[in-house]
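Trainee: Pasting the sequence and the predicted coordinates here, then a few questions.
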Amino acid sequence: MREKAQMMNSYRLVLADDHIILRDGIKHMIHEKPDLEVVGEASNGLELLRLLTRQEADMILLDISMPGMRGLEAAQKIRSSHPEIKIIILTMHKKRSYIRNALAAGVDGYLLKEAATGDELFEAIVSVRNGGRYISKSLSGELTSEMITFYQGGREHRKEVLTSREKDVLKLVAEGRESKEIADLLFISIYTVNNHRANIIRKLGIKKTADLIKYAIQEGYISQEGYTSDDDS
């Protein structure tokens, strides 16, 4: 009777990955957790969407690279049809572009497969289950919390979020220019420069100059040359 009640209260997970060996490994680990239950599996995005029409779920562990419909496309559709379901991307991809696109698709977590063989998998599940976001520890330096919040606003929110003049100011700030020098270069007053800087900070939610530099590089406003980046690794 107690086992039945436990199953009724278990947190329902769906695994979506085209590698059955990985799914079996995660299922085996989850089986050891009495409050978690794998209620379904899918090998591609289309199969996942069909599964969700007949099976209720609380969370999906979702791969990016799958045949047919890819993971991020499936994530966007799930966000529209099942907004209550939590989504953790489980992937081998480490580049910032993948992380940004995943966050823009509305996922709640981004976990590297290499980290899913130990305690970090359950740390991610607990964090997202409790309403938080989770990015793999080895990727924690890639994006600040402000950037994560910003990218989760979606691409439409980010599109042309800065005016052309604000982009000019941001570019010069990222190059290390002081407000007076920026004012001279753009033929505007220091007061106007400071207003533009305040608007940039307000719109992006990014306060530190180092993070503004990261953003400027990621959005292509300035070259990566001379700055440290892992995008090409």
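Mentor: Now that the structure is in, tell me what you want to look at.

Trainee: most centrally placed residue in the chain?
Mentor: residue 103 (3.0 Å; CA atoms, centre = their mean).

Trainee: Which secondary structure element is home to it?
Mentor: Residue 103 belongs to helix 96-104 when assigned by DSSP states H and E.

Trainee: Tell me which strands whichever helix or strand comes after that helix pairs with, and in which orientation.
Mentor: Downstream of helix 96-104, the first helix or strand assigned by DSSP H and E is strand 109-112. If you go by DSSP bridges, strand 109-112 pairs up with strand 86-91 (parallel), strand 134-135 (parallel).

Trainee: same question for the first one, mean pLDDT?
Mentor: Taken as a whole, strand 86-91 carries a mean pLDDT of 96.

Trainee: So for it, what gets flagged as buried?
Mentor: Neighbour-count burial for strand 86-91 flags 86-91 (criterion: 16 or more other CB atoms under 10 Å). Backbone N, C-alpha and C define where each C-beta goes, glycine included.

Trainee: pull the CA atoms of it into CSV?
Mentor: Extracted in CSV, the C-alpha atoms of strand 86-91 (Å, rounded to 0.1, in the frame of the first residue of the first chain):
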residue,chain,number,x,y,z
LYS,A,86,9.8,21.5,-17.1
ILE,A,87,12.5,20.8,-19.7
ILE,A,88,16.1,20.1,-19.1
ILE,A,89,18.3,19.8,-22.2
LEU,A,90,20.7,16.9,-22.0
THR,A,91,23.5,17.3,-24.6
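
Trainee: What are the contacting residues of it?
Mentor: Here strand 86-91 makes contact (CB atoms under 8 Å, 6 or more residues apart in numbering) with 17, 58-65, 71-72, 75, 78-79, 98, 102, 106-113, 116, 124-125, 128-129, 134.

Trainee: Give me the distance from that strand to the chain's centre.
Mentor: Relative to the centre of its chain, strand 86-91 is centred 9 Å away, using CA atoms, centre = their mean, to the nearest Å.
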